[in-house]
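In: Sequence plus the predicted model coming up.
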Amino acid sequence: MTTTRRSRAGRIRFPEFSELAFTSLWVLIFCIPWEDEVSVGQGVAISHLAGVLASLIGVMSAVVYWRIRRIHAVHYLLGALVAWMAATYFWSLAPDETVTKAGSCLQLLFMVWLIWEFAPTQDRQVSLIRAYVFGSYVSASSVIYSFVTHTGSNLGLSEGRYTAAGFDENELGTTLALALVMSCYLLTKPGVGRLVWFFHIPTCILAICLTGSRGAFVSASIAALIFPLSFHSLGPRTKWVVCVGLLVLTGTAVAVLPESTWQRLGTIQSEVANGTLTKRTYIWAAGLDVFRDHPLLGVGAGAFGPSVYSRLDIAYVAHNSYLSVLVELGVTGAVLFSSTLVMLCQLILRLPMLERRTWLILMVTWSVAVSSLSWEHRKPTWFLFGLLIAQSQTFAQARSRSPSGLASRSAVGDASYEGAVRA
């Protein structure tokens, strides 16, 4: 976070623009997990204001210092994807929706750049992870509060499902599942804040279960694989404390779940084997029919709902990010999107052991979750993409500076901002 400093003459020196830009970026990431709870106007979440502020300060910093980092190859792919979204306006079945979605993704692309430009060191990247986890505390606490006060039961549509104000249960559960992996990663970091990350884990598990989201429950089960994979980074005593504490806290948390929630979660196997996944199979079939009619160029960004309306009588979203990209952007957009994912996977394989395992679990959790969510234009997705690109580059630069070719943690964490940017 930003702090003021004193010069040798005793005068207070105000924070530099780069520090202010990072602070505003930190606030933006903090708002992401609970952005839908608080709105400042119709359709304007608090994260929108945080994003505008971060963008303005970021641009001012680039202008004042007249320097930006050379962007990564994955940034070009993401830029091409957004440009293709905008191009689909000219043949879109719903031009207004295309403008909205392409505009949103352009803003998200700018967020990715802000992460790249103002979080070039491991210290700052870990700080952004802390921001996301802190933000997830807000939404998880809201779910638990709605359960305790019986004020958030899915608007009465389904018994035993609770959520935070303004949130879809499935999307909120996935948001918390990603935070679960991040809190486990933070537990491996030295510092006085370990209790914060420790208590975050059972809080997230309880909130995810209370949403009654079967997809989020599956995603959280995958996210839980981070426990054994990150254990080697903890000391022997810490391992015992974490094991016993998590068993007690998680067991206590799960014990308070209502019977109706357990019954819903217990239908996962039967729903996958014989059900329609809450009508998703019908939606996917309709989407594939539309794709056959517009295979190359797609129906236009954001136009999935209007394109299937004649087949379903309701303008459903795709409930599957891969299908959404395929139908809306055609084969061209699908190639750009899949190429981005492949390059991100390649970046993961070049990370040190702990970070590699953490990112593998994060991306597998995300990949499974978006199989039932339209998240290709949501902030958590682009935050993950942007942070992975920035962190992989940080370790790559540290390896290139190290004579042995191995990056030490301290070298990465202490890298200066000036050393990470290029004129």
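Out: Structure received.
In: hey, C-alpha coordinates of stretch 67-75 in PDB?
Out: C-alpha atoms of stretch 67-75 as PDB (Å, rounded to 0.1, in the frame of the first residue of the first chain):
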ATOM      1  CA  ARG A  67       7.900   4.700 -19.800                       C
ATOM      2  CA  ILE A  68       6.000   1.500 -20.100                       C
ATOM      3  CA  ARG A  69       7.000  -2.100 -20.000                       C
ATOM      4  CA  ARG A  70       7.300  -4.100 -23.200                       C
ATOM      5  CA  ILE A  71       4.200  -6.100 -23.300                       C
ATOM      6  CA  HIS A  72       4.100  -9.900 -23.300                       C
ATOM      7  CA  ALA A  73       3.100 -12.100 -26.300                       C
ATOM      8  CA  VAL A  74       0.000 -13.200 -24.500                       C
ATOM      9  CA  HIS A  75      -1.100  -9.600 -24.300                       C
END
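In: Quick check: buried residues in the helix or strand hosting residue 382?
Out: Assigned by DSSP states H and E, residue 382 belongs to helix 379-401. Buried residues in helix 379-401, defined by neighbour count with 16 or more other Cβ atoms under 10 Å: 379-395, 397-399. From N, CA and C alone the C-beta is placed, and that goes for glycine too.
In: Looking at stretch 74-94 now, give me its mean pLDDT.
Out: Stretch 74-94 shows a mean pLDDT of 97.
In: by contact count, what packs against the helix or strand that contains residue 146?
Out: Per DSSP H and E, residue 146 falls inside helix 122-149. Applying 3 or more Cβ pairs under 8 Å, 6 or more residues apart in numbering; DSSP states H and E, one finds that helix 122-149 makes contact with helix 17-31, helix 169-187, helix 194-211, helix 379-401, helix 409-413.
In: Comparing the ones you listed, which comes out most buried?
Out: Counting by mean count of other Cβ atoms under 10 Å, helix 169-187 has the highest mean neighbour count of the helices and strands packed on helix 122-149, with a mean of 26.
In: what angle separates it from helix 379-401?
Out: In terms of direction (axes from the mean of the first three to the mean of the last three Cα atoms, to 10 degrees), helix 169-187 departs from helix 379-401 by 30 degrees.
In: name the helices or strands packed onto helix 169-187?
Out: Using 3+ Cβ pairs under 8 Å, 6+ apart, helix 169-187 sits against helix 122-149, helix 194-211, helix 214-223, helix 226-230, helix 353-369, helix 379-401.
In: Rounded mean pLDDT for the helix holding residue 146, please.
Out: Helix 122-149 shows an average pLDDT of 93 in the prediction.
In: Can you give me the buried ones in it?
Out: For helix 122-149, by 16+ other Cβ under 10 Å, it's 122, 124-140, 142-144, 146-147.
In: likewise stretch 330-341?
Out: The neighbour-count check on stretch 330-341 (16+ other Cβ under 10 Å) flags 330, 332-334, 336-337, 340-341 as buried.
In: Pick out the most distant pair among the residues you listed.
Out: 330 and 341 (17.1 Å; Cβ to Cβ).
In: What's the local residue count around the nearest residue to residue 393 once chain neighbours are set aside?
Out: In space, and not counting its chain neighbours, residue 393 is closest to residue 72: 6.2 Å by Cβ to Cβ, 6 or more residues apart in numbering. By other Cβ atoms under 10 Å, 19 other residues sit near residue 72.
In: where's residue 72 relative to residue 167, distance?
Out: 32 Å (Cβ to Cβ, to the nearest Å).
In: Likewise for residue 317?
Out: Separation of residue 317 from residue 167 (Cβ to Cβ) stands at 15 Å.
In: Neighbour count for those two, which is higher?
Out: residue 167 (21 against 14).
In: In contact with that one, which residues?
Out: Contact analysis of residue 167 by Cβ atoms under 8 Å, 6 or more residues apart in numbering lists 36-37, 139.
In: Turn those into TSV, columns for distance to residue 116.
Out: Listed next are these as TSV, based on distance: Cβ to Cβ, whole Å:
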residue	distance to residue 116
36	26
37	28
139	26
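In: before we move on, the earlier item: need the buried residues of stretch 330-341 in TSV (columns: secondary structure).
Out: Shown next, in TSV, are these (DSSP: H, G, I helix; E, B strand; the rest coil):
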residue	secondary structure
330	helix
332	helix
333	helix
334	helix
336	helix
337	helix
340	helix
341	helix
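In: Which member of the residues you listed is positioned nearest residue 200?
Out: Closest to residue 200, out of all of these and judged by Cβ to Cβ, is residue 341, at 27.9 Å.
In: Next one, pLDDT for that closest one please.
Out: 97.
In: Tell me how far it lies from residue 218.
Out: Distance, residue 341 to residue 218, using Cβ to Cβ: 20 Å.
In: now residue 381
Out: 18 Å.
In: list the contacts for residue 380?
Out: Residue 380 touches 32-33, 174-175, 178, 366, counting by Cβ under 8 Å, 6+ apart.
In: so how far is residue 381 from residue 371?
Out: 13 Å.
In: Residues in contact with both of the two, list them for me.
Out: With Cβ under 8 Å, 6+ apart as the test, residue 371 and residue 381 both reach residue 321.
In: I'd assumed residue 351 was in a helix, is it?
Out: No: assessed with three-state DSSP, residue 351 is coil; it does not lie in a helix.
In: so how many other residues sit close to it?
Out: 20.
In: Make sure it is actually in contact with residue 359.
Out: Yes: using Cβ atoms under 8 Å, residue 351 makes contact with residue 359 at a distance of 6.2 Å.
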